[in-house]
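>>> Could you look at this predicted model? Sequence included:
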Amino acid sequence: MDPTRDTENAARYDQSAPNYSSAGSTTGRLTSDAHSHLETSSNQESLFSYYSARDLSEFFKKIDGRNYNVLNDSYFLPNGKSSVPWSRFLSDSPVADEPEWERLILDPSEKEHIAFIIGLKSLVPCPDIVNACLAPGPSRSVLDLGCGTGTWALEMAREYPHANVIGVDLAPTPIDIDNTPSNCRFELDDVNMGLAHFYDSFDVVHARFISSGVKDYRKMMEEAERCLKPGGVAIFVDYDALFCAEDQLHRQPMAETNENGSWLVRCSHEMRHGAPARGCDLPGMEKALDEGLWDHEICDPETAVAASFFLPIGPWPTVPDRRKTEEMRFAGALIRQDYTSAFRAVIPIYLKMGIPQDVIDRWIPNVENELSTTTLHMWSRSPMAWARRRAAPGKPAPPLPTLPASNNDEKSTATPNPATSDVHRDLKDYNFLHIYRTKEECAAAATLRNASLGPVPVPWVVKAQQKAEAQGVPSSS
């Protein structure tokens with residue numbers, strides 16, 4: 001990078017140092033100097049600048065040839081770096097995990113992100129609320145927790161140029177400095193260590209697909225909500241490890257214990273049970289998003305909404321509208337590619353969970369064959385929840401400013417909830433988003449899904465724990 005370039009209007013590419021303590025962030029600066037060090041302070045903003053692969057390598061450890069984050073053992077997927085966006089300002093060899101970025105990046109955007117945009121027609125599931133919260137005014141701000149490749153934060157910064165957008169993640173974000181808006185910056189932070197340094201500061205707080213690195217999901221939600229200004233909106237989106245059948249209401253049965261069951265669901269079942277042993281609170285995430293935000297003390301329950309967002313796994317849907325069919329099939333192709341790569345990425349983790357190699361060798365062709373065909377019509381479901389912060393304890397959220405209705409009004413895009421109504425919905429009336437406006441609706445949909453899974457095999461991690469207990473060996477979890 002040219003050190004003489006104009007920095008007054010340049011994008012902020014400094015990265016904050018890791019938040020090692022809930023009391024505040026660590027403060028200091030690292031460069032490519034071999035004697036780089038951190039200086040701690042509780043009163044100053046923490047910045048971390050990196051200019052070489054040597055600096056970046058401090059954040060990764062190598063396991064079976066793949067790079068994993070050193071700041072948080074809960075995040076069980078490899079970390080990655082795309083050589084394309086980094087190459088414009090880093091000349092050193094890549095240090096992060098290339099296959100993982102190949103899974104996340106589709107030049108130049110993320111596959112998951114593109115699929116979401118196709119389905120939601122917006123960066124968020126509640127665009128009118130976000131538009132109102134970010135109406136032009138003083139000090140509008142957005143916080144993206146677990147920002148990953150930074151695509152969502154960058155697009156929010158471009159869509160709301162009057163708002164400051166901050167993305168935080170465990171690993172340095174692969175930004176292209178020259179194409180990063182000046183109102184967007186990225187910081188290194190661990191949400192598990194608390195977010196007190198961000199309290200009462202943001203109009204929108206967004207957390208999408210971060211449960212893999214979260215040790216206590218409900219606590220993370222409460223910390224995120226405290227980062228809101230009164231009236232601000234918190235949005236949580238994650239993934240359901242047990243996929244849905246073609247009707248979107250019931251679970252897809254899993255292989256080994258169900259005829260014509262899914263091998264992808266079988267393997268996801270294993271990871272779902274193994275994650276807690278690695279400090280990852282997937283069960284807590286599932287429970288929290290199935291309950292929604294109605295009972296969260298800091299949130300106004302009158303503003304709380306939950307939803308299920310569905311994307312096809314593979315290009316199989318067909319509806320009368322040709323354009324809609326093409327959209328769904330493209331999104332399905334992206335999601336299928338993403339799950340294919342994600343499955344390969346977690347194979348080393350399966351071994352560390354105690355699953356025998358011969359079992360994994362049997363799973364691999366079954367999963368890959370299933371994903372390469374459209375025999376099983378399954379949906380990937382993302383549970384969502386959002387709500388606005390109260391004006392004061394026990395008070396409702398302040399009124400939103402009145403804005404013209406957008407084309408993305410959730411009332412016009414959401415289908416009635418078939419779990420709690422007599423409205424019949426089939427694929428010809430298909431919509432990506434199911435809205436739950438009460439906690440009873442949300443709970444009823446979850447009950448219907450979870451009761452339909454059918455027989456499940458005993459997870460290998462449970463077998464290992466049972467064997468250890470029988471031998472009198474303390475469990476490693």
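Received, thanks.
>>> List the buried residues for stretch 134-148?
In terms of neighbour count (16 or more other Cβ atoms under 10 Å), stretch 134-148 has its buried residues at 134-135, 140-148. Heads up, the C-betas are built off the backbone N, CA and C, glycines and all.
>>> okay if I get those residues as TSV plus distance to residue 211?
Written out in TSV, the entries for the buried residues of stretch 134-148 read as follows (distance: Cβ to Cβ, whole Å):
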residue	distance to residue 211
134	26
135	31
140	28
141	24
142	21
143	17
144	15
145	11
146	9
147	15
148	13
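>>> Tell me which of those residues fall in strands.
Among those, the residues falling in strands (DSSP state E) are 141-145.
>>> ok, these vs residue 156, which is closest?
Top of the list for closeness to residue 156, among those and by Cβ to Cβ, is residue 142 at 5.5 Å.
>>> I'd say the closest one and residue 207 touch.
No: in terms of Cβ atoms under 8 Å, residue 142 does not count as a neighbour of residue 207; the distance is 11.9 Å.
>>> Can you pull the phi/psi pair for the closest residue to residue 186 other than its chain neighbours?
Here the nearest residue to residue 186 in space, its sequence neighbours aside, is residue 173; by Cβ to Cβ, 6 or more residues apart in numbering that works out to 4.2 Å. When quoted as degrees, to the nearest 10, the phi and psi of residue 173 stand at phi -80, psi 130.
>>> how about residue 173, what does it touch?
15, 147-150, 167, 186 (Cβ atoms under 8 Å, 6 or more residues apart in numbering).
>>> Now do it, the pLDDT please.
Residue 173 carries a pLDDT score of 80 in this model.
>>> and what of the one 4 residues further on?
Confidence at residue 177, expressed as pLDDT, is 84.
>>> Next, the buried residues of the top helix by length along the chain.
Taking DSSP state H as the assignment, the helix of the chain that covers the most residues is helix 322-352. Buried positions in helix 322-352, judged by neighbour count with 16+ other Cβ under 10 Å: 325, 327-329, 331-340, 342-343, 345-350.
>>> Stretch 310-319 too?
310-317.
>>> Find the centremost residue of the protein, please.
When Cα atoms, centre = their mean is applied to the chain, the residue found nearest the centroid is residue 209 (1.2 Å).
>>> which ones are touching that one?
Contacts here follow Cβ under 8 Å, 6+ apart; on that basis residue 209 touches 112, 146, 148, 237-239.
>>> one more time with 6 Å
When the contact criterion is Cβ atoms under 6 Å, 6 or more residues apart in numbering, the partners of residue 209 are residue 238.
>>> What separation is there between it and residue 234?
Taken as Cβ to Cβ, to the nearest Å, the spacing of residue 209 relative to residue 234 amounts to 15 Å.
>>> again with residue 271
In this structure, residue 271 and residue 234 are separated by 27 Å, where distance is defined by Cβ to Cβ.
>>> Residue 370 too?
With distances taken as Cβ to Cβ, residue 370 is found 36 Å from residue 234.
>>> Next, count neighbours for residue 185.
Taking other Cβ atoms under 10 Å as the criterion, the count of residues near residue 185 is 23.
>>> same thing with residue 465?
Residue 465 sits with 17 neighbouring residues when counted by other Cβ under 10 Å.
>>> And for residue 391?
So residue 391, with other Cβ under 10 Å, has 14 neighbours.
>>> Comparing residue 370 and residue 234, which shows the higher neighbour count?
Taking other Cβ under 10 Å, residue 370 and residue 234 do not tie; residue 234 has more neighbours (27 against 23).
>>> In three-state terms, label the more buried one for me.
strand (DSSP: H, G, I helix; E, B strand; the rest coil).
>>> Not counting sequence-adjacent ones, nearest residue to residue 263?
In this structure, residue 263 finds its nearest non-sequential neighbour in residue 366, 4.0 Å apart by Cβ to Cβ, 6+ apart.
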